[in-house]
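Enquirer: Next come a sequence and a model predicted from it.
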Amino acid sequence: MADQSSPRPIKAERIAGFGTTVFSVWTRLAQQHNAINLGQGFPNFDPPAFVMEAARQTLEGYQQYAPLGGMPRLRQVLAQQAKKDWGRDVNANTEITVTIGATEGIYATIQALINPGDEVILIEPFYDSYPASITMAGGVPRYVPLRPTEDKGWSLDLDELRALITPKTRMLVLNTPHNPTGKCFTRQELQALADICIEHDLLVLSDEVYDKLVFEGATHIPIATLDGMWERTVTLSSAGKTFSVTGWKIGWAIASPALTDAIQMAHQWIPFCGITPLQLAVAEAIEASQTNGYYDELRQLYQGKRDQLVAILREVGLDPYVPEGTYFVIGNTEKLDFDNDEAACQYLTEHVGVAAIPPSHFYSDEHKHLAKHFLRFAFCKDDETIKQSAERLRAKLTT
Ligand code: PMP
Ligand code: GLN
C-alpha cells in the first residue's frame, strides 16, 4: 500500500533542483518596479522590414509539418551561408538540422551525445541552459572560469581546464562570441582548445548565436573550421539575434553526418520539426542578407549602441569590460558599496529604475564569488531606451 504520510514528490528528480531562469525572474522584477529592462536579452525594436515581409508571405502558404531535419530551402541557404563564412561545403541534407532556437539545439545535442555519468566542461560565465541540459541527460558539468585580465579583457587558464579532464570527460561547450562577456575567442585560443579536444578525444558544442554581432577589431572564428575539428564539433546558431526575432525560435545545428544523425535521433522526439513558415522566412532573410548589406548595418547599429552604453557605464563608475561581440556588456560595481551582484541588481531595479542581470547565475556555486562585482546589461534596445537608462543611471549613481 502507498505510504500516505509522505506523498510522492510531484517533480521528477532531474528537474526538482531547478529554479525559474534568471531572465524570467528579472524581467518580472523590472515590470513590477517599472524599471527599464536591460536584463533579458531581447530587442525592443522591430525586425527589419524585409524580414517581416518574408514572414507575411510564407505564412500564407505553409501550415503543415516540415521534414524533421528542417525545410530543404532553409537548409540549402544555411549551407550557402556556411560556404561564404567558413569556406566549407556543408551538405544540406546530411549535415544540418533546424531546431527550435539554439536552446533546443543545445538540449537535443546533449541528449544525443552525452551518456549518464559523462562529464562536460563548461566555461564560466556560462549560458544557463547548458548545465540544465547536461544534468537532464544525467551528465556532470565541470566548470572553468574566464578570468578578467589587467586590460579589462577575459582569459581562460588552460592548465585549469586541463586539470578538469578525466577519462569520463566527453565534451567541451564553447560559446563565441560569448554571452555575457562579449569575448570573441581568438584563433590562438581556439587552436589551444582544439589541441586539447583532439588530444583527449572530446566533442565540442560550439554555441555561435552571436556570430553576426562582432565589432570592429574582433573576428568570429568557428572552431569547426580548425584542422581536425569538423568531425568532433556541433556548431549551433539561430536567427533570433541576427534578425531581431527572438520569439521565432528558429535555430540550427551544423555537424558531420554522424553527429547530425545522432542529433536528429533526439530532435525527432523533442519537437519533431521546426515551425514551417518561419523556417522559410528565415531562409529568405538569410539569402537577402547575403547581398543587401544587412549584416554590416547590423554590426554598425550594435557597435553604436555598445559605445553609448559603455560610455554611460564609465561615466557612472560601473567600469565596463568592453565587449567585442554580442549585445551584452558587463559592468563592475567595485567602486560602489554592494554586498554582491544580486544586491546591486536589486538596488538598480528598485531605486534607479534600470534592471540588469546578476551574472553569478552563470557560475557554479564554487565560483559564484567571482561574479560578486559584475552586472550584465543588454544594449539591444532602441536609442530612446538607452537614453532614458542613461538619465536614470546618471541621476542616481553620479556623485
Ligand atoms: N545561447 C546563448 C549564448 C544565448 O545567449 C541564447 C539566447 N539569448 C541562446 C543560446 C538561445 O538561443 P535561442 O533564443 O535561439 O533559443
Ligand atoms: N539569451 C537571452 C539572454 O541571455 C535570454 C534568453 C531567455 O530568456 N531564455 O538574456
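Expert: That came through, no problem. Ligands and ions are numbered 1, 2, ... in the order given.

Enquirer: Check the stretch 1-150 of the chain for the residue nearest ligand 1 and tell me.
Expert: With CB to the nearest ligand atom as the measure, Gly101 is the residue of the stretch 1-150 of the chain nearest to ligand 1, at 2.4 Å. Quick note: C-beta positions are derived from backbone N, CA and C, even for glycine.

Enquirer: could you say what helices and strands the lengthiest helix in the chain packs with?
Expert: When the chain is parsed with DSSP state H, its longest helix is helix 294-315. In terms of contacts (3 or more CB pairs under 8 Å, 6 or more residues apart in numbering; DSSP states H and E), helix 294-315 is packed against strand 328-332, helix 383-397.

Enquirer: tilt between the last one and strand 328-332?
Expert: Using axes from the mean of the first three to the mean of the last three CA atoms, to 10 degrees, the interaxial angle of helix 383-397 with respect to strand 328-332 works out to 10 degrees.

Enquirer: what's helix 383-397 packed up against?
Expert: Against helix 383-397 (3+ CB pairs under 8 Å, 6+ apart) you get strand 36-37, helix 294-315, strand 354-355.

Enquirer: and the stretch 151-300 of the chain, which residues reach ligand 2?
Expert: Contact residues (CB under 6 Å from any ligand atom) of the stretch 151-300 of the chain with ligand 2: Asn179.

Enquirer: ok, which stretches of the stretch 151-300 of the chain are strands?
Expert: Using DSSP state E, counting those that start in this stretch, the strands of the stretch 151-300 of the chain run over 154-156, 169-175, 203-207, 233-238, 250-254.

Enquirer: In TSV, list those strands along with mean neighbour count.
Expert: Output for the strands of the stretch 151-300 of the chain, formatted as TSV (neighbours: other CB atoms under 10 Å):
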stretch	mean neighbour count
strand 154-156	16
strand 169-175	23
strand 203-207	24
strand 233-238	26
strand 250-254	27
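
Enquirer: hmm, back to that, pick the most buried one from the helices and strands packed on helix 294-315.
Expert: Compared across the helices and strands packed on helix 294-315, strand 328-332 shows the largest average neighbour count, a mean of 25 (mean count of other CB atoms under 10 Å).

Enquirer: Keeping just the C-alphas, turn the helix or strand following that one into CSV.
Expert: Later in the chain than strand 328-332, the nearest helix or strand by DSSP states H and E is helix 341-347. C-alpha atoms of helix 341-347 as CSV (Å, rounded to 0.1, in the frame of the first residue of the first chain):
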residue,chain,number,x,y,z
ASP,A,341,25.6,41.3,-7.7
GLU,A,342,22.1,40.4,-6.6
ALA,A,343,22.0,43.3,-4.2
ALA,A,344,23.4,45.6,-6.9
CYS,A,345,20.7,44.5,-9.3
GLN,A,346,18.0,44.8,-6.7
TYR,A,347,19.1,48.4,-6.0
